[in-house]
Structures are given as C-alpha cells and as structure tokens.
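>>> need coordinates for the below:
(4 chains)
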Protein chains: 2
Amino acid sequence: MILDGSLEPGSRLRETDFSKRLGIARHTFRAAAQILINEGLLRRSPNRGVQLTVLGAADIVDIFRLREALEIEAIRLVVGAGTEIPDAELAVEGFNALEDDASWRTVVDLDMDFHRAIIDATGSERISRAYAGVQSEILLCMAQLRPHYDRPDEVAAEHRELLEALQAGNPDKVEALFRRHLGEASENLTNALQAREEVTA
Amino acid sequence: MILDGSLEPGSRLRETDFSKRLGIARHTFRAAAQILINEGLLRRSPNRGVQLTVLGAADIVDIFRLREALEIEAIRLVVGAGTEIPDAELAVEGFNALEDDASWRTVVDLDMDFHRAIIDATGSERISRAYAGVQSEILLCMAQLRPHYDRPDEVAAEHRELLEALQAGNPDKVEALFRRHLGEASENLTNALQAREEVTA
DNA sequence: TATCGTCGAATTGTGGAACAATCTACCACG
DNA sequence: CGTGGTAGATTGTTCCACAATTCGACGATA
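Numbers count the residues shown, from 1 in each chain, chains lettered A, B, ... in the order given. Now for the predicted structure:
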C-alpha cells in the first residue's frame, strides 16, 4: 500500500484502524510497522503513532549521500577484486531489449536491478542491508513523485556505459562516472519534487 | 547486558524468561528485541527466537567494509566542504590528556567519539544512522573480545595525525590515512578473535 | 547397537481484551 | 477572541489464551 501510492504522504496509520483493515491484531501491526520504520518508510513519534514518511528535498539529497557512500565503495571493491557481475550484465541486456514505449515501472526495475547487482557482488551482507534501506526509500520517493524519466534508450545507453567502465577496471574513472550518474538521478528527483511542491502550493 | 559481556555470545534469549527477569511483558520484550535485531546485536530465526549475535572473522571484515564505505565518504564530504569538526578536536584533546595507565574503556570511548564526530559533521541523518549500527556491532565485538589495544599515547598520536590531515584538507591523503587506520583496527580485532578461538578450541 | 520415527513438553507467533498515560479536539468561560 | 478544561480517541503496555513449530526424550525396528 505504501509503495502503491494508495496512501497519502504523511498520512497517519492508526493502529486499531489498520489492524482491523488488514485482519491482524494490533500487536502484529505494531511489529510490522517497526520493520517498516527501520526501512525508513514510516516514522514514529512517541505517543503519536506512525506516519508515512514525507520526503523533502533535503531527504533526497541525504538518501543519495548514503547511496553514493555505499555504491562508490562497492565499485571500488568489485573493481579491485576484478569480480564479474553477471546480474548487472543481465540488467543491461534487459535495457537493450527495451521498446521505446516501455513502461516506467520496467525501466525503474531494471535500474534498481543493475545497481543492486553491483552492491551484491561485493558479497558484503551489511552493505547490502544498508543499501536495501536506501532502495526502499527511493521506491517510496518514486511512488510519491513519479518523476520524469529520460527515454528508455538513453537510460539504457547510460547503464551500458557504466557497465563497460566497470569491466574496463579503471577505478577512478568508474567512480567519476558513477558519481555523475547518481548526481543526475538525485537532481532528477529533486526537480520532480520541486515541481510537485509548486503544484500543491 | 549485551555490551556488558554478561551474556554468552550466541546464547538464546527466551521470551518468557527474559520478560520476567526484566519485569516487562512478553510483547514489550519482543518489541525491544526487534530494535536490537536492527542494530545487529541480536539475530532472529523464525520459530527459534533471538540469539546474541556471534561475530566471526568474516563479520569483522564485513563490519569494516561498511564502516570504511561510510567513513571514507564522510571525510570526502567534510574535507570537500571545509567543515570544522570541533568534537573531533575535543576527542584528540582527550587523547592528549590521557595517562599511560588510562583504562581500556576510556581509550575506546575517545576512539568512538572521534570517528562519530566526523560522521556527524557531514550532517547526514542517514549516514549517521547507518554508522550507529556499525558502532554497536563494534561495541559488541569489543565486549566479546577485549582485544589488545596499543599504548594510549600511540593511539593518541595516530588520531592526532588523522585530525591534522583532515584539517590540512588533501582528500586523497586523508583517505589513504583513514584506510590504513581502519585496516589496522580491523586486523587488530581479527587477531584478537583468532587468539580467542585458539583458546576455546 | 545404531538409526529412525513418534510423542510430548517447551517455545514462538499471533489474537483478544483491558487499562493507564498521553494526545487531540471541542466547548464553556472570562 | 483567547484560555483553560474536559471528554474522547489513541498509544504503550500488561495479562491471558491458543495454534504452530521446534526440540528432546523415548522407544521401536533393523
């Protein structure tokens, strides 16, 4: 429901209400909510329950700060070790096979898969866990914003370039490319957010 | 209790048992346990309850992989922005004031404070949160291992050097220094772990 | 004797009801 | 119009109950 967009950003999730609606006990709902809080999708204020996280421009910047930290270190690790990343290659193949009218969701999924593949290739359980949190927040962001995405073939080309750089194995160059890529994505989302704020204001 | 060392590594925390001992209800204990699980101090296996995390050599390596990712990005951010880090300076002053027979705990605390100061100086809520998890795991590690720590004045000198490099502001040099520092810390803990395993074996 | 299966106790996961503490919204009053 | 108070709603926690699952002991069988 959260990632559906079927819940207003910032809306309050009352325990009795939702536990009844979901057909579970209040305790169970609270436990579930705690998990989502740890993923950053919900917030809890003492005695005031949980709300759906509202992401501001500062949050997007912050999410991408953490994302860059994790992803840059990941590429250092995989480039340093010369690790193959079959899943990333798969994602790029998926990009190549995209039609021009591919659904927004498909492109997002491939994007996510590509980056997650690199993270997972490090073999670091803890980096993966931290990145999972980042990805849910980005999904939440997407759900709330539906940002403008470039044409599928442009996104495909960009990721092909990233993968090639990874395989070429020049750490500094890969790092620079990824920082640019992430910076653009961050800007993209921030712009979408500002556009929406101007509408709702 | 976990960080006290008053709980065996890997020991099982039975719900009825602990909730009675702590004077709280089972649900409350479960909620508390969930929080500690997210901090990495406890593990849950379905239908088998929670156990105190046991850290192996692979875990230490992994913890430091994440730690390096976060800390290296943090120093890039603070060096790039030219941010002052008063709390880190304070920690170094603390190091300078240390007696030779300073307690192990005092040194550890200063060490933690120093590194946390850098993280917090980024102003990134999410990097700080992720780092908090790393630090609890390191504390757990310390509690379980009580590793050998160098003489206080050596630790002090090393952190003084790190701070000076930070203030000098050459990103690559700072990064290299920190990677070395963290690598040594990781090795230190890994050695302590192996030493203990040889004893218990 | 060793291995396997079965039964029973212990433990977890979940549900339901209750109650104190806290928050929120509304209303009366100055 | 602002203020204080009161009543209802909501959260945080407790206790009890019970199905599902796990674990260990016991005994049967080869």
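>>> and A:Ser19, what element?
If you go by DSSP states H and E, A:Ser19 is part of helix A:15-22.
>>> likewise for A:Leu70?
helix A:57-81.
>>> for chain A, which residues are neighbours of DNA strand C?
Within reach of DNA strand C by CB under 7 Å from any atom of the strand, chain A has these residues: A:Gly23, A:Ile24, A:Ala25, A:Arg26, A:His27, A:Thr28, A:Ala31, A:Pro46, A:Asn47, A:Arg48. From N, CA and C alone the C-beta is placed, and that goes for glycine too.
>>> closest one of those residues to A:Lys173?
Nearest to A:Lys173, judged by CB to CB, of these is A:Ala31 at 46.1 Å.
>>> now the closest one: how far from A:Glu15?
Relative to A:Glu15, A:Ala31 is positioned 11 Å away (CB to CB, to the nearest Å).
>>> now A:Thr83
Remark: distance between A:Thr83 and A:Glu15 (CB to CB) = 45 Å.
>>> secondary structure class for A:Gln51?
Classification of A:Gln51 by DSSP: H, G, I helix; E, B strand; the rest coil places it in strand.
>>> in terms of contact, does it touch A:Ser11 like I think?
Yes: A:Gln51 is within contact range of A:Ser11, at 6.6 Å (criterion: CB atoms under 8 Å).
>>> more crowded one of the two?
Neighbours were counted for A:Gln51 and for A:Ser11 using other CB atoms under 10 Å in any protein chain shown; A:Gln51 has more, 17 against 11.
>>> show me the shaky parts of chain A.
With pLDDT under 70 as the threshold, chain A has low-confidence stretches at A:201.
>>> off-centre distance for the helix or strand following the helix holding A:Leu70?
Counting by DSSP H and E, the next helix or strand C-terminal to helix A:57-81 is helix A:86-96. Offset of helix A:86-96 from its chain centre (CA atoms, centre = their mean, to the nearest Å): 18 Å.
>>> so what touches helix A:86-96?
If you take CB atoms under 8 Å, 6 or more residues apart in numbering or on different chains as the criterion, helix A:86-96 is touched by A:110-111, A:113-114, A:116-118, A:120-121, A:152, A:155-156, A:159-160, A:163, A:166.
>>> again, only this time at 6 Å
Contact with helix A:86-96 is made by A:Leu110, A:Asp113, A:Phe114, A:Ala117, A:Ile118, A:Ala156, A:His159, A:Arg160, A:Leu163, as judged by CB atoms under 6 Å, 6 or more residues apart in numbering or on different chains.
>>> pull out the buried members of those.
The neighbour-count criterion (16 or more other CB atoms under 10 Å in any protein chain shown) marks A:Leu110, A:Asp113, A:Phe114, A:Ala117, A:Ile118, A:Ala156, A:His159, A:Leu163 among these as buried.
>>> quick check: phi and psi at whatever residue of chain A ends up closest to DNA strand D.
Taking CB to the nearest atom of the strand, DNA strand D has its nearest neighbour within chain A at A:Gly49, 2.9 Å off. In terms of degrees, to the nearest 10, the main-chain angles of A:Gly49 are phi 80, psi -170.
>>> same check, this time on A:Leu36
A:Leu36 adopts backbone torsions of phi -70, psi -30, taken as degrees, to the nearest 10.
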